[in-house]
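Q: Okay, predicted coordinates and the sequence, questions at the end:
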Amino acid sequence: MRSDQAKKGLENAASRALLHACGITREQLDKPFIGIANAFTDIVPGHVGLNELARAAEQGVAAGGGVPFQFGVMAICDGIAMGHQGMFYSLPSRELIADTVESMAMAHALDGLVLVTDCDKITPGMLMAAGRLDIPAIMVTAGPMHSGRLRGKPLSLVRDTFEAVGRVQAGLMSEEELAELEIEACPGPGSCQGMYTANTMACLTEAMGMSLPGCGTALAGQAEKRRIAYQSGERVMAMVTENITARQILTESGIRNAIRMDMALGGSTNTALHVPAIAHDAGLDIALETFDEISQSTPQICKLRPAGDYMMEDLHWAGGIPAVFSVLADMVENNPTVSGLAVQQIAAQGEVTSHDVIRSLDSAYASQGGIAVLRGTLCPDGAVVKQSAVSEKMRQFRGPALCFDSEEAAMAAILADRIPDGFWAIIRYEGPRGGPGMREMLNPTAALTGMDKEDSVGLLTDGRFSGGTRGPCIGHISPEAAAGGPIALIQDGDEIEIDLDERRLDLLVDEAELQRRRAAWQPPEPKIKTGWLSRYAGLVSSAASGAVLE
């Protein structure tokens, strides 16, 4: 056992003394040591129930013959961090999470891991650590929140609070009505109810084989989820015995299955950051083009919020990820999973119980997947858009630019209704380096949608968007402005054109003029010059390669 290096032999007498101080018996020293990475916190709705799941996982580990050890992992709620300096820390926290899990597992020579997680950066951060460590590891995601209810109408966080701000600003809703929604939109624990980033990553975790069947969609707070956590603890013990390590699951086939699931579900564009980063730490190289290649051959067969009206609970009750795999059967690569079943075995067992929530290939919501990767003179290294949430009339769009050098400046202009119809709002210097931290911009996009402008105004940024974004919102524009990318050279009035069908995004300014502007451009002073974020800005790579640290 790996843990023997910390507990066996004469030289480890002091280590054993310290383990006995933790309550470990002599008999337990002969058993595998399993870390339970628990991202519990009182301030993140997706994580307030994690202690119950960690306890169930502990019981499963003990029943399987192991010794469980809980340790804490940080968690940031993107919704609470949104729109202020807190969002600078969101994406960078992914690296801290991966580093924490790596540090604890290596320092204590753990034999295996149960990774208890749920929200946007925490799930990919833990998967990155699993790939780095390459020891037996299994994920337990806490599950989606139930939908809210107000006078019989189903509610979700994004549509009924973030977008409602724009409706209030436009005079379409009263502040009293908004206050009612605030109370009812989020009824309890779990990740936000639609196919936003947290739930997308939970579904992709199951699809790539790193959690048990049903885990990605089983609802938070339910006995089913506790049973899955218990079974995960038992299962990691079998993985230790059989020496099934993370990189045996996190293969190129597993990653491709996850991307295909993403496209079929119409998931968050943030996966274009997280999946390449997970692959990188598993020793794989997944290019951004892989997303577009798979998207063009994968029909979108689910349409949850924000693109549609269904919630995560509907997907779970319709059969969840195994049912989606059963529809995609011929496209699925037969990767192993932590359950001991291969993906095609899981697909064969899947059953669709609602053929509108999970449609057949013949009646798909769209012929292509939810995400498109764009190239062009504005984004030579790529950009990403959630095409499933873009209306038909905005798939081809040309208009003049209005430039803002921060999210705050753009948000003020949007709320003051200073973005005319037919224009592009450009939000730059918000990339991984320039932000720093590549802030997620749900406030501007939700405000535009709430003001009924998602079919008349486009938004371009080197930052990123929430999984709750809809409309012609193009993010991850690379190279970013802080690196001197073309987005830094845009001036008010410049014409910009998108053609989603051709996967093009072009700045319609002649090359000679761009060269003149480039010669005059000076990199801005860093926004943050001290602390962790200043170090992050100096180490982070492009969004096109997953914004990993170099």
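A: Yes, it's here.
Q: looking at this, Gln70 is in a helix?
A: No - the assignment for Gln70 is strand, going by DSSP: H, G, I helix; E, B strand; the rest coil, so no helix is present there.
Q: isn't it right next to Ala39, touching?
A: No - the pair Gln70 and Ala39 fails to qualify as a contact (Cβ atoms under 8 Å) at a distance of 11.0 Å. To be clear about C-beta, it is placed using only N, CA and C from the backbone, and glycine gets the same treatment.
Q: More neighbours: which of those two?
A: Neighbours of Gln70 and Ala39, each counted by other Cβ atoms under 10 Å, are more numerous for Ala39; the result is 27 against 16.
Q: Start and end of stretch 495-508, how far apart?
A: With Cα to Cα, to the nearest Å as the measure, the ends of stretch 495-508 fall 5 Å from one another.
Q: Ok, stretch 19-26 next?
A: Taking Cα to Cα, the first and last residues of stretch 19-26 lie 9 Å apart.
Q: Pull out the buried residues from it.
A: Leu19, Ile24 (16 or more other Cβ atoms under 10 Å).
Q: now that stretch: mean pLDDT?
A: Per-residue confidence for stretch 19-26 averages out to 98 on the pLDDT scale.
Q: ok, now stretch 384-396?
A: Rounded mean pLDDT across stretch 384-396 is 92.
Q: Relative to the helix or strand where His476 lies, what are the paired strands and their orientations?
A: Assigned by DSSP states H and E, His476 belongs to strand 473-478. When sheet partners are counted by DSSP bridges, strand 473-478 sits next to strand 379-386 (antiparallel), strand 458-461 (parallel).
Q: what's the offset of the longest one from the middle of its chain?
A: Between the centre of strand 379-386 and the centre of its chain there are 17 Å (Cα atoms, centre = their mean, to the nearest Å).
Q: what's in contact with whichever helix or strand comes after that strand?
A: If you walk from strand 379-386 toward the C-terminus, the next helix or strand you reach (DSSP H and E) is strand 396-404. With contact meaning Cβ atoms under 8 Å, 6 or more residues apart in numbering, strand 396-404 is reached by 410, 413, 418-419, 422-428, 458, 460, 472, 490-501, 508.
Q: Could you identify the helix or strand that succeeds strand 396-404?
A: Beyond strand 396-404 on the C-terminal side, the first helix or strand identified by DSSP H and E is helix 407-415.
Q: Going by neighbour count, list what's buried in that next one.
A: Neighbour counts over helix 407-415 (16+ other Cβ under 10 Å) mark Glu407, Ala410, Met411, Ile414, Leu415 as buried.
Q: Out of those residues, which two are the most distant from each other?
A: Farthest apart among those by Cβ to Cβ are Glu407 and Leu415. That separation is 12.2 Å.
Q: quick revisit: burial-wise, tell me which of the strands paired with strand 473-478 comes out on top.
A: Among those, strand 458-461 has the highest mean neighbour count (mean count of other Cβ atoms under 10 Å), at a mean of 27.
Q: what does that strand rub up against?
A: 378, 383, 394, 397, 399, 401, 423-428, 430, 441, 444-445, 448, 471-475, 477, 487, 496, 498, 505.
Q: Let's see that with 7 Å instead.
A: Taking contacts as Cβ atoms under 7 Å, 6 or more residues apart in numbering, the residues outside strand 458-461 that touch it are 397, 399, 424-428, 430, 441, 444-445, 448, 472-475, 477, 496.
Q: which residue ranges form the strands in the protein?
A: Chain-ordered strands for the chain, with DSSP state E as the definition, fall at 33-38, 67-72, 112-117, 137-141, 148-150, 153-155, 371-376, 379-386, 396-404, 424-427, 458-461, 473-478, 495-499, 504-507.
Q: any idea how far the fifth one is from the chain center?
A: In terms of Cα atoms, centre = their mean, the centre of strand 148-150 is found 25 Å from the chain centre.
Q: Paired strands for it, with orientation please.
A: Note on strand 148-150: by DSSP bridges, its sheet partners are strand 153-155 (antiparallel).
Q: Which positions within the strand it pairs with qualify as buried?
A: Of the residues in strand 153-155, Pro154, Leu155 count as buried by neighbour count, 16+ other Cβ under 10 Å.
Q: Show the average pLDDT along it.
A: Rounded to a whole number, the mean pLDDT of strand 153-155 is 96.
Q: before we move on, what about stretch 434-450?
A: Across stretch 434-450, the per-residue pLDDT values average to 91.
Q: Extract the C-alpha trace of it and format it as PDB.
A: As requested, the backbone C-alpha atoms of stretch 434-450 are provided in PDB (Å, rounded to 0.1, in the frame of the first residue of the first chain):
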ATOM      1  CA  GLY A 434      -5.900  40.700 -17.700                       C
ATOM      2  CA  GLY A 435      -8.700  40.100 -15.300                       C
ATOM      3  CA  PRO A 436      -6.900  38.600 -13.700                       C
ATOM      4  CA  GLY A 437      -8.900  35.400 -13.300                       C
ATOM      5  CA  MET A 438     -11.200  35.600 -16.300                       C
ATOM      6  CA  ARG A 439     -14.300  36.800 -14.500                       C
ATOM      7  CA  GLU A 440     -17.600  35.100 -15.300                       C
ATOM      8  CA  MET A 441     -20.100  37.800 -16.600                       C
ATOM      9  CA  LEU A 442     -23.600  36.700 -15.800                       C
ATOM     10  CA  ASN A 443     -24.700  40.100 -14.700                       C
ATOM     11  CA  PRO A 444     -24.300  41.800 -18.100                       C
ATOM     12  CA  THR A 445     -25.700  39.000 -20.100                       C
ATOM     13  CA  ALA A 446     -28.600  38.400 -17.800                       C
ATOM     14  CA  ALA A 447     -29.400  42.200 -17.700                       C
ATOM     15  CA  LEU A 448     -29.400  42.300 -21.600                       C
ATOM     16  CA  THR A 449     -31.800  39.300 -21.600                       C
ATOM     17  CA  GLY A 450     -34.000  40.800 -18.900                       C
END
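Q: in the stretch 201-350 of the chain, which spans are helices?
A: 223-242, 246-249, 252-265, 271-281, 289-296, 312-317, 320-327, 343-349 (DSSP state H, counting those that start in this stretch).
Q: Check which residues of the fifth one are buried.
A: Read that as helix 289-296. Across helix 289-296, burial judged by 16+ other Cβ under 10 Å covers Thr290, Phe291, Asp292, Ile294, Ser295.
Q: mind checking how far that helix is from the chain centre?
A: Taking the mean of its C-alpha atoms, helix 289-296 sits 18 Å from the chain's own mean (Cα atoms, centre = their mean).
Q: hang on, the earlier thing: just the buried residues of the contacts of strand 396-404.
A: Buried subset of the contacts of strand 396-404 (neighbour count, 16+ other Cβ under 10 Å): 410, 419, 423-428, 458, 460, 472, 490, 494, 496-498, 500.
Q: any idea how far the residue nearest the centre of the chain is from Leu212?
A: When the chain is reduced to its mean C-alpha position, the closest residue under Cα atoms, centre = their mean turns out to be Thr197, at 3.8 Å. Using Cβ to Cβ, to the nearest Å, one obtains 21 Å as the distance from Thr197 to Leu212.
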